[in-house]
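J.: Provide a 3D model corresponding to the input given below.
(2 chains)
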Protein chains: 2
Amino acid sequence: MSKIITISREYGSGGKYIGELTAKKLGIPFYDKEIMEKIAEETGFVREFVEKLAEYAPSGSIFAYAFVGRNRAGESIEDYIHAAQRKIILELAEKGDCVIVGRSADYILKGKHETVDVFIHGDMAAKTERVCRFHGVSPADAEKLLRDTDKKRSVNYKYYTGETWGEAKNYTLTLNSTKIGIERCADIIAEIYKNT
Amino acid sequence: MSKIITISREYGSGGKYIGELTAKKLGIPFYDKEIMEKIAEETGFVREFVEKLAEYAPSGSIFAYAFVGRNRAGESIEDYIHAAQRKIILELAEKGDCVIVGRSADYILKGKHETVDVFIHGDMAAKTERVCRFHGVSPADAEKLLRDTDKKRSVNYKYYTGETWGEAKNYTLTLNSTKIGIERCADIIAEIYKNT
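T.: Next comes the predicted model:
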């Protein structure tokens, strides 16, 4: 059984960076969405997906599939991707201790591994400033982007877990990164990880 | 402006004790419901309330009032008590740094003082065991007691603040006392208090 830190986070709260910092402090691997997608590609999940599409798309084009949005098993694209990511998260967890950001990993690993489940949030002004700085967008665009992204994360979490995203009871701890500070958040998480 | 730790907590989670421990570690006063009620009595809030009731109860008895449940200003008993407690919380906060448990203190002090807002929760089995041990009741009664108490706290919080009790975004940090441990929770809160 591995000991895993799962991090859920509001967009712009610095949660992903806090995850990276924590992993570095503890000397354990760090996995985020991009890394998991890369693994999916290498292990053939994405290849398999594209092949499946090509297989029954009337014109041989995946666009026809994208239009219909379901494969022959009645699975939506989102369900297919979610299932692939779920499989990868379980495989990564089997390999050993690590930090995983996003993808409802807290729910996927519940009862299967020892976890420290973290939710990172922040004040709107600080999150907006962070998104402007990193993505070079206007404050209005940043605010729209973070509201839309968080709404999507919240709906996805509800859909796949039946639970409420950001509700304290689903996490070992939740931290306001604006009030507490990015570095200190990583220190607190690492400390709890070492002592539980 | 004072620096105040507000603690909201699930029944049986040890939140009140964590508040006491934190206050002791920091050398600042600790106030809970009982202490605030005592202050209300001393300062005349409760006396004033009883006098008000006697004033217009048809038979001179407060039972007539209790039956009607509203005073002449159309205020319910709950609203009256809440207003008195709100006044006391604001007065205590003016006096200086402290730890306040419960009574939506996080919401009452928002923007008026510098606060570290904490929510403590725990696993059902641990909370039940704690309530059995401290109140000498059966596990079934303990579970009913904690569900009923938390439902009341949640409804009250929504009524007086419009916000959702136990939602991460309302707190600086939330901690699962079962996973993290009572002592360590107090250490983490004291540490954040000193460094924010």
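J.: which regions of chain A lie under the pLDDT threshold?
T.: A:43, A:45-75 (pLDDT under 70).
J.: Within range of chain B, give me the residues from it.
T.: Taking CB under 8 Å from any CB of the partner chain, the part of chain A that reaches chain B is made up of A:116, A:119, A:121, A:166-169, A:171-176, A:179-181, A:184, A:188, A:191-192, A:195-196. The way it works is simple: take the backbone N, C-alpha and C, and place the C-beta from them, glycine included.
J.: Residues touching the longest helix anywhere in chain A, excluding its own?
T.: Counting residues, the longest helix found in chain A (DSSP state H) is helix A:139-161. Under the criterion CB atoms under 8 Å, 6 or more residues apart in numbering or on different chains, residues A:8, A:10-12, A:82, A:102, A:104, A:107, A:124, A:127-129, A:131-132, A:135, A:137, A:163-166 lie in contact with helix A:139-161.
J.: buried sites along that helix?
T.: A:142-143, A:145-146, A:150, A:153, A:156-157, A:160 (16 or more other CB atoms under 10 Å in any protein chain shown).
J.: ok so, going back, so which of the residues of chain A next to chain B are in strands?
T.: Among these, DSSP state E puts A:116, A:119, A:121, A:173-176 in strands.
J.: Kindly export stretch A:159-173 (C-alpha atoms) in PDB.
T.: C-alpha atoms of stretch A:159-173 as PDB (Å, rounded to 0.1, in the frame of the first residue of the first chain):
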ATOM      1  CA  TYR A 159     -20.600  13.400 -11.800                       C
ATOM      2  CA  TYR A 160     -17.800  10.900 -11.100                       C
ATOM      3  CA  THR A 161     -17.900  10.800  -7.300                       C
ATOM      4  CA  GLY A 162     -21.400  11.900  -6.200                       C
ATOM      5  CA  GLU A 163     -19.700  14.200  -3.700                       C
ATOM      6  CA  THR A 164     -19.300  18.000  -3.400                       C
ATOM      7  CA  TRP A 165     -16.100  19.400  -4.700                       C
ATOM      8  CA  GLY A 166     -14.500  21.700  -2.000                       C
ATOM      9  CA  GLU A 167     -16.500  20.400   0.900                       C
ATOM     10  CA  ALA A 168     -14.200  20.100   3.900                       C
ATOM     11  CA  LYS A 169     -15.400  16.500   4.900                       C
ATOM     12  CA  ASN A 170     -13.900  15.100   1.600                       C
ATOM     13  CA  TYR A 171     -10.400  16.200   2.400                       C
ATOM     14  CA  THR A 172      -7.800  15.600   5.200                       C
ATOM     15  CA  LEU A 173      -7.100  19.300   5.000                       C
END
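J.: how about it: buried residues?
T.: If you call a residue buried by 16+ other CB under 10 Å, then stretch A:159-173 has these buried ones: A:160, A:165-173.
J.: just the residues you listed now: which is nearest chain B?
T.: A:Ala168 (3.8 Å; CB to the nearest CB).
J.: Test my guess that that closest one contacts A:Thr174.
T.: Yes: assessed by CB atoms under 8 Å, A:Ala168 is found in contact with A:Thr174 at 5.7 Å.
J.: residue contacts, the one residue sitting closest to the centre of chain A?
T.: Note on chain A: the residue nearest the mean C-alpha position is A:Gly102, at 1.5 Å, using CA atoms, centre = their mean. By CB under 8 Å, 6+ apart, the contact list for A:Gly102 reads A:7-9, A:16, A:32-33, A:153.
J.: what does A:Lys25 give?
T.: Per CB under 8 Å, 6+ apart, neighbours of A:Lys25: A:186-187, A:190.
J.: at 7 Å what do you get?
T.: Applying CB atoms under 7 Å, 6 or more residues apart in numbering or on different chains to A:Lys25 gives the contacts A:186, A:190.
J.: Work out for me the element it sits within.
T.: helix A:15-26 (DSSP states H and E).
J.: Work out the sheet partners of the next helix-or-strand element following that helix and label each with its direction, please.
T.: Per DSSP H and E, the first helix or strand lying C-terminal to helix A:15-26 is strand A:30-31. Next to strand A:30-31 in the sheet, as set by DSSP bridges, lie strand A:98-101 (parallel).
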